[in-house]
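Trainee: predicted model and sequence below, questions to follow.
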Amino acid sequence: MVVSLTTLLLSLAILTVAGFAQGLTGFGFGLISMALLPLLLPVKEAAVVVAVLNFATCVFTLSAVRRHLCWRRGRSLIIGSAVGVPFGVYLLAYLEPAPLLRAMGIVLVAFAAAELRSDPHAPPRVPGWLGLPAGFLGGSIGGALNMGGPPVIAYAYAQPWSKEEIVATLQLVFGVSALLRVVLIGAGGLYTPPMVPLLLLTLVPMAGAIFVGTRLLLRVPLAPLRRGVAVFLLALGLKHALIP
């Protein structure tokens, strides 16, 4: 993979914007990066770059909101995800991905529709015990399709937590999964020397964008932030429910 100067600059811009989204909402880095970066880089190389930087993004974001982290809140999500990942790999080996994507889409549409119909200032009503199945669903989809974030995001934003606590919890859950992927990628020998400049050059602007995003997080009220996340999940759910 030989990266031209133009490709490098455009890739830096994409990854920086994705880092800002992660700092503001607690998610979005992988979704934005993998939607745009393959337009510039081969898909495999893009996936490796995003996997490594996704872990760095979780570390940077978590360090900015670490005071709001409660390990107990992320425990059930992590356990569910750890059980779900190998199950997802099994599904990938024996099933077509379309039914799994459609099932995720239906769940997301139902959640987002309920969220948008509710009083934006009322406390969320999703019970905490759903953390385990939400983590399992996210891990299963992540293991099969590398798209396990939405169920975990939907659960976290439906809890009676502050926005800072939501972002911190998401970084804990996503960071554990990202670390696992980084280790597996290394074991598979997928890192190549030309990736190193892009990875190193991205760290500083991405960290700056995350810092700006987390500072803006302090100023954005939780109600509109929840509404915005619900709209995003509704659009994503409709896409996968209707066009898997």
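Mentor: Structure received.
Trainee: is it true that residue 158 touches residue 112?
Mentor: No - using CB atoms under 8 Å, residue 158 makes no contact with residue 112, being 10.2 Å away. Glycine gets a C-beta too; all of them are placed from N, C-alpha and C.
Trainee: send the alpha carbons of the strand or helix carrying residue 199 over as CSV?
Mentor: Using DSSP states H and E, residue 199 sits in helix 195-217. Provided in CSV are the C-alpha atoms of helix 195-217 (Å, rounded to 0.1, in the frame of the first residue of the first chain):
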residue,chain,number,x,y,z
MET,A,195,0.5,1.9,7.3
VAL,A,196,2.9,3.3,9.9
PRO,A,197,3.1,6.9,8.6
LEU,A,198,-0.7,7.3,8.4
LEU,A,199,-1.1,5.8,11.9
LEU,A,200,1.5,8.1,13.5
LEU,A,201,0.5,11.3,11.6
THR,A,202,-3.2,10.7,12.6
LEU,A,203,-2.7,10.5,16.3
VAL,A,204,-2.1,14.2,17.0
PRO,A,205,-5.0,15.7,15.0
MET,A,206,-7.3,12.9,16.0
ALA,A,207,-6.5,13.5,19.7
GLY,A,208,-7.1,17.2,19.2
ALA,A,209,-10.5,16.6,17.6
ILE,A,210,-11.4,14.2,20.4
PHE,A,211,-10.5,16.9,23.0
VAL,A,212,-12.7,19.5,21.2
GLY,A,213,-15.5,16.9,21.0
THR,A,214,-15.4,16.1,24.7
ARG,A,215,-15.3,19.8,25.6
LEU,A,216,-18.4,20.4,23.5
LEU,A,217,-20.0,17.4,25.1
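Trainee: what's the helix or strand following that helix in contact with?
Mentor: Later in the chain than helix 195-217, the nearest helix or strand by DSSP H and E is helix 222-242. Residues from elsewhere that reach helix 222-242 (CB atoms under 8 Å, 6 or more residues apart in numbering): 25, 101-102, 104-113, 115-116, 120-121, 150, 153-154, 157, 162-163.
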